[in-house]
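[1] need a structure here:
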Amino acid sequence: MKKLKFLYLFLVFGLMVCSVAPVKAQCAMCSATVETNSKSGAGTTNGLNSGIMYLLAAPYLAVAIVGYIWYKKYRRKNVDLNMRNEKLNLN
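    A predicted model of the protein is given here:
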């Protein structure tokens, strides 16, 4: 049963990789507008760049928050080491 799930997952992943379609990041109208505004000196491109950086940082921030919550929730607390009070002889 486990092999069947692995085979199914591999098949789905393979189909996703094989069905890649080329896409453009922006529509032609948006890219032309941004290019024209950039050449004319308008500040619209700064807003677009800030939006891209915001969208880039959001997943990393979300992963960091989940990692911090996981660390705080599952770290060991009040661990007793059970060490003897005798001196150790290393010879």
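
[2] Mean confidence (pLDDT) on stretch 17-30, please.
    Across stretch 17-30, the average pLDDT comes to 68.

[3] likewise stretch 54-74?
    What stretch 54-74 shows for mean pLDDT is 90.

[4] Around Tyr71, count how many other residues there are.
    If you count neighbours by other C-beta atoms under 10 Å, Tyr71 ends up with 9. In short, each C-beta sits where N, CA and C put it, glycine included.

[5] element containing it, please.
    helix 44-74 (DSSP states H and E).

[6] Give the buried residues for that helix.
    Within helix 44-74, the residues scored as buried using 16 or more other C-beta atoms under 10 Å are Leu48.

[7] Remind me what that helix packs against, helices and strands.
    With contacts defined as 3 or more C-beta pairs under 8 Å, 6 or more residues apart in numbering; DSSP states H and E, helix 44-74 has these neighbours: helix 28-40.
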